[in-house]
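*Asks:* coordinates for the following, if possible.
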Amino acid sequence: MFLKKTMDIYSKYDADTLEEFTHLKSPWRNARGNLLPYEAFNNRVLDKYIYLTFCE
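*Replies:* You can find the predicted model right below:
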């Protein structure tokens, strides 16, 4: 049921839009530091911060 609801909501979006949705959240912003949006980065986004953002 959870996966069906998730697919019903998000399947209409393309990959770039989904990336924008998630990467605006604090785990990615914090990992990027002061980099500009177009600058690549190799810092790891920790699972615990993703969990705290999306699961609580």
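*Asks:* residue 28 versus the residue nearest to the spatial centre of the chain, what's the distance?
*Replies:* The chain has residue 22 as the residue nearest its centroid, 2.3 Å off, counting by Cα atoms, centre = their mean. Look at residue 22 and residue 28: by Cβ to Cβ, to the nearest Å, they are 7 Å apart. For the C-beta atoms, the positions are set from N, CA and C on the backbone; glycine is no exception.
*Asks:* and what of residue 35?
*Replies:* On the measure of Cβ to Cβ, residue 35 and residue 28 end up 11 Å apart.
*Asks:* between the two, point out the one with more neighbours.
*Replies:* residue 28 (17 against 12; other Cβ atoms under 10 Å).
*Asks:* next SSE downstream of the helix or strand where that one lies?
*Replies:* Taking DSSP states H and E as the definition, residue 28 sits inside helix 26-32. Reading on from helix 26-32 to the C-terminus, the next helix or strand found by DSSP H and E is helix 47-54.
*Asks:* now for that next one, which elements pack on it?
*Replies:* helix 26-32 (3 or more Cβ pairs under 8 Å, 6 or more residues apart in numbering; DSSP states H and E).
*Asks:* how far does the helix it packs on sit from the chain's center?
*Replies:* 9 Å (Cα atoms, centre = their mean, to the nearest Å).
*Asks:* how about stretch 18-30: buried residues?
*Replies:* By neighbour count with 16 or more other Cβ atoms under 10 Å, stretch 18-30 contains the buried residues 27, 28.
*Asks:* first-to-last residue distance for that stretch?
*Replies:* Using Cα to Cα, to the nearest Å, the end-to-end distance of stretch 18-30 comes out at 19 Å.
*Asks:* per-residue confidence at residue 29?
*Replies:* With respect to pLDDT, residue 29 scores 89.
*Asks:* residues in contact with it?
*Replies:* Residues in contact with residue 29 (Cβ atoms under 8 Å, 6 or more residues apart in numbering) are residue 23.
*Asks:* again, 10 Å this time
*Replies:* By Cβ atoms under 10 Å, 6 or more residues apart in numbering, residue 29 lies in contact with 23, 35, 45.
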